[in-house]
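**Student:** okay, predicted coordinates and the sequence, questions at the end:
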Amino acid sequence: MTDEAPKSAVELAMERLRRKDKDEGVTATALSDRQRADIAEVRNFYDSKLAEREVLHQSTMRRTMDPEAGALIEEEYRRDRDRLSSERDGKVERIRRGTS
């Protein structure tokens, strides 16, 4: 028996994930300071775009009385939000990989 304290579920899960990554040949690389700064800049830009879109959406919804028009506005807002999130995630991934 060892003197180690019992591990939490999080610690056990992290060990399994590290083992799985090792078995699959996935290596973790540390981000450079420049990459961290670029990622923070991209996230800040898209966070502000999402917040702007949210304000515009709320304003438009307050002026809309027609339920069908409201549903269309809601769908457009969802698509814009998904598009912006996807663009943000793509740019962050490209920065992580070191490509343009």
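**Tutor:** Happy to help now that I have it.
**Student:** use CA for all of it now, contacts and neighbours both
**Tutor:** OK.
**Student:** mind listing the helices for the protein?
**Tutor:** Applying DSSP state H to the chain gives helices spanning 9-24, 33-63, 67-97.
**Student:** reformat those helices as JSON lines; add mean neighbour count.
**Tutor:** Shown next, in JSON lines, are the helices of the chain (neighbours: other Cα atoms under 10 Å):
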{"stretch": "helix 9-24", "mean neighbour count": "12"}
{"stretch": "helix 33-63", "mean neighbour count": "14"}
{"stretch": "helix 67-97", "mean neighbour count": "15"}
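**Student:** where does pLDDT dip in the chain?
**Tutor:** Applying pLDDT under 70 to the chain flags residues 1-3, 100.
**Student:** can you rerun that using 50?
**Tutor:** For the chain, no stretch is flagged by pLDDT under 50.
**Student:** which ones are touching residue 68?
**Tutor:** Residues near residue 68 by Cα atoms under 8 Å, 6 or more residues apart in numbering: none.
**Student:** roughly how far does it sit from residue 33?
**Tutor:** Using Cα to Cα, to the nearest Å, residue 68 is found at 48 Å from residue 33.
**Student:** over to residue 60?
**Tutor:** 40 Å.
**Student:** repeat for residue 24
**Tutor:** 27 Å.
**Student:** cool, and residue 55?
**Tutor:** When Cα to Cα is the yardstick, residue 55 and residue 33 sit 33 Å from each other.
**Student:** ok, residue 81 next?
**Tutor:** Distance of residue 81 to residue 33, computed by Cα to Cα: 29 Å.
**Student:** find the centremost residue of this structure, please.
**Tutor:** Nearest to the geometric centre of the chain sits residue 89, at 5.8 Å (Cα atoms, centre = their mean).
**Student:** OK, contacts around it?
**Tutor:** So residue 89 contacts nothing (Cα under 8 Å, 6+ apart).
**Student:** start the count at 7, not 1, going forward
**Tutor:** Fine by me, first position is 7 from now on; the one you just mentioned is residue 95.
**Student:** now residue 45. Nearest residue, chain neighbours left out?
**Tutor:** Nearest non-adjacent residue to residue 45, counting by Cα to Cα, 6 or more residues apart in numbering: residue 98, 5.6 Å away.
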